[in-house]
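J.: Next one to model:
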Amino acid sequence: MEQAELQAILDHDERHWWYRGRLRIVMREVRRLGLDPGAQILDAGCGSGCVLDRLAAFGDVAGVDVSPLAVRAARARGHDEVVAANVARLPFEDNTFDLVTCLDVLEHTPDDLAVLRELRRVTRPGGHMVLTVPAYPALWSVHDEHNHHYRRYRRRDLVSVAEKAGLVLERDTHFNALLLPPAALVRLVGRLRPWGRRRRRRSDLSLTPRPLNPFLELPLRIEAGLLRLGVTLPVGLSLLATYARPIESGVRGAGRSPTHVRQVTSSSSTPS
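T.: Below you'll find the predicted structure:
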């Protein structure tokens with residue numbers, strides 16, 4: 001990811017409607033899991049640490065991000081267990097975490113199967129993984145190129161690669177459904193315009209006037225309420241999926257403390 005785009009994320013992710021709405025939806029899902037007190041939690045691709053702030057209510061949190069800038073920002077928020085690392089080479093022992101979140105990071109990685117296998121490795125048998133990714137390859141646009149995405153996902157493709165990684169699907173759903181039609185129109189029209197392929201100088205995050213944030217976040221607030229009731233949304237700009245690592249015979253939940261790391265030095269998430 002370009003440095004300017006990363007800085008825009010760090011500047012906006014606490015108040016921007018998309019990040020606030022996604023966080024609300026993800027926290028609804030985490031709450032549904034009913035984690036035990038003191039659960040060990042990893043946010044893979046943690047960015048500024050905003051998600052870690054909320055995950056800390058459910059257990060002991062750790063984070064990784066490939067960007068030293070993001071790591072510094074997360075540590076400045078008080079998250080000392082954040083290290084610089086690539087999500088494909090995590091510096092943690094096997095079977096360490098009860099929950100791993102990886103939010104709009106997988107699309108930034110060249111080998112998503114390898115990343116999911118690595119996330120599975122550090123997840124305890126019986127533990128959970130919550131992922132979000134951008135949906136619909138047909139909506140590929142300059143937005144994806146600008147953010148160095150490798151792919152957008154269809155639901156069946158995400159399920160397939162996760163199964164190959166040894167994960168069991170618990171639940172999946174689209175979200176950001178109400179804004180799908182206008183967003184799709186803007187991106188598809190942009191592909192047809194002669195200037196639509198030009199390299200942009202401004203992040204999408206800077207295009208939304210701050211006073212509009214509460215109004216644009218409202219549809220995601222509604223969707224979070226629907227998801228809490230168990231509704232599965234059939235369409236939306238993004239996908240959320242929750243997986244479990246199955247309990248295999250002879251595998252014990254070792255490596256519980258995230259302080260035992262292999263010191264090695266994910267891309268921060270971007271809107272779908």
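J.: quick one, phi/psi of the most centrally placed residue in the chain?
T.: Nearest to the mean C-alpha position of the chain, by C-alpha atoms, centre = their mean, lies residue 103 at 0.3 Å. Backbone torsions for residue 103, taken as degrees, to the nearest 10, come to phi -110, psi 110.
J.: Report the contact partners of residue 232.
T.: 171-173 (C-beta atoms under 8 Å, 6 or more residues apart in numbering). C-beta coordinates here come from the backbone N, C-alpha and C atoms, glycine included.
J.: Likewise for residue 269?
T.: 9, 45, 47, 103-105, 132.
J.: For this structure, which segments count as helices?
T.: 3-12, 17-33, 50-55, 68-76, 112-122, 142-146, 155-164, 180-192, 213-228 (DSSP state H).
J.: Same list (those) but as CSV, adding mean pLDDT.
T.: Output for the helices of the chain, formatted as CSV (pLDDT from 0 to 100):
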stretch, mean pLDDT
helix 3-12, 56
helix 17-33, 94
helix 50-55, 96
helix 68-76, 92
helix 112-122, 98
helix 142-146, 83
helix 155-164, 98
helix 180-192, 81
helix 213-228, 90
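J.: out of the ones you listed, nearest to residue 240?
T.: helix 17-33 (6.4 Å; C-beta to C-beta).
J.: hang on, the earlier thing: and the two most separated of the contacts of residue 269?
T.: Largest pairwise distance in the contacts of residue 269, by C-beta to C-beta, is 14.6 Å, between 9 and 132.
J.: how far away is the residue nearest to the centre of the chain from residue 134?
T.: 11 Å (C-beta to C-beta, to the nearest Å).
J.: which residue sits closest to residue 191, ignoring its sequence neighbours?
T.: residue 141 (5.9 Å; C-beta to C-beta, 6 or more residues apart in numbering).
J.: quick revisit: among the contacts of residue 269, which are in strands?
T.: 103, 132 (DSSP state E).
J.: can you redo the helices of the chain as CSV with distance to residue 82?
T.: Compiled in CSV, the helices of the chain are given as follows (distance: least, C-beta to C-beta, whole Å):
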stretch, distance to residue 82
helix 3-12, 13
helix 17-33, 17
helix 50-55, 7
helix 68-76, 4
helix 112-122, 15
helix 142-146, 26
helix 155-164, 25
helix 180-192, 31
helix 213-228, 26
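J.: looking at those helices, which is closest to residue 243?
T.: Of all these, helix 155-164 comes closest under C-beta to C-beta, at 5.5 Å.
J.: Contacts for the closest one, please.
T.: Outside helix 155-164, the residues touching it (C-beta under 8 Å, 6+ apart) are 112-113, 116, 131, 133, 135, 169, 172, 174, 239, 241, 243.
J.: Perfect, I'm done here.
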